[in-house]
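Trainee: Test case, fold it:
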Amino acid sequence: MDGPEKFSDILAQLFTSRGWGRQQEANQVESAWLEVITALNPDFAPQTRCLGIKRKKMEVEVNNGVLFQELTQFHERNLLRMLQELLPNKIITGFKFRRGNW
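Mentor: Numbers count the residues shown, from 1 in each chain. Reported below is the predicted structural model:
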């Protein structure tokens, strides 16, 4: 036996096995989305939901057809810039907006 395990190694294994790191990351991404969409227009936030980042694209569900079109045609570049400022350690190259009903 090589001796006792390092506490940092045990803690890393615990975080990995419980999925705590992924949940914290998801909360950070969702929080950043809420911040930028609220800055754009506070009325937009309740009509959108951040689903996460997949393949460097933030997936966002929008439950209003007019808002869906507005976000995709007029605000995508500005939202991306704001998100990249808030999440400098994340690579986000764009969005995948999808229609949702809730």
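Trainee: Going along the chain, name the helices of this protein.
Mentor: 7-18, 20-40, 65-70, 76-86 (DSSP state H).
Trainee: The ones you listed: which one's closest to I53?
Mentor: helix 20-40 (6.0 Å; CB to CB). The C-beta positions use only the backbone N, C-alpha and C, and glycine is treated the same way.
Trainee: The closest one - what's its average pLDDT?
Mentor: Per-residue pLDDT over helix 20-40 has a mean of 88.
Trainee: Taking helix 76-86 as reference, get the angle to that helix.
Mentor: Helix 20-40 and helix 76-86 are oriented at 130 degrees to each other (axes from the mean of the first three to the mean of the last three CA atoms, to 10 degrees).
Trainee: what does helix 20-40 contact?
Mentor: 14-15, 44-45, 48, 50, 52-53, 58, 60, 75, 78-79, 82-83, 86-87, 90 (CB atoms under 8 Å, 6 or more residues apart in numbering).
Trainee: Of those, grab the buried ones for PyMOL.
Mentor: The PyMOL command for the buried members of the contacts of helix 20-40 (criterion: 16 or more other CB atoms under 10 Å) is given here:
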select buried, resi 44+45+48+50+53+58+60+75+79+82+83+86+87
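Trainee: if I look at the residue nearest the centre of the chain, how far off is D43?
Mentor: The C-alpha lying nearest the average C-alpha coordinate of the chain belongs to V29 (CA atoms, centre = their mean; 2.9 Å). Between V29 and D43 the computed distance is 22 Å (CB to CB, to the nearest Å).
Trainee: what residue ranges in the protein score low on pLDDT?
Mentor: 1, 11-12, 14-16, 19-22 (pLDDT under 70).
Trainee: Recalculate using a threshold of 80.
Mentor: 1-3, 7, 9-24, 102 (pLDDT under 80).
Trainee: Nice, that's everything, thank you.
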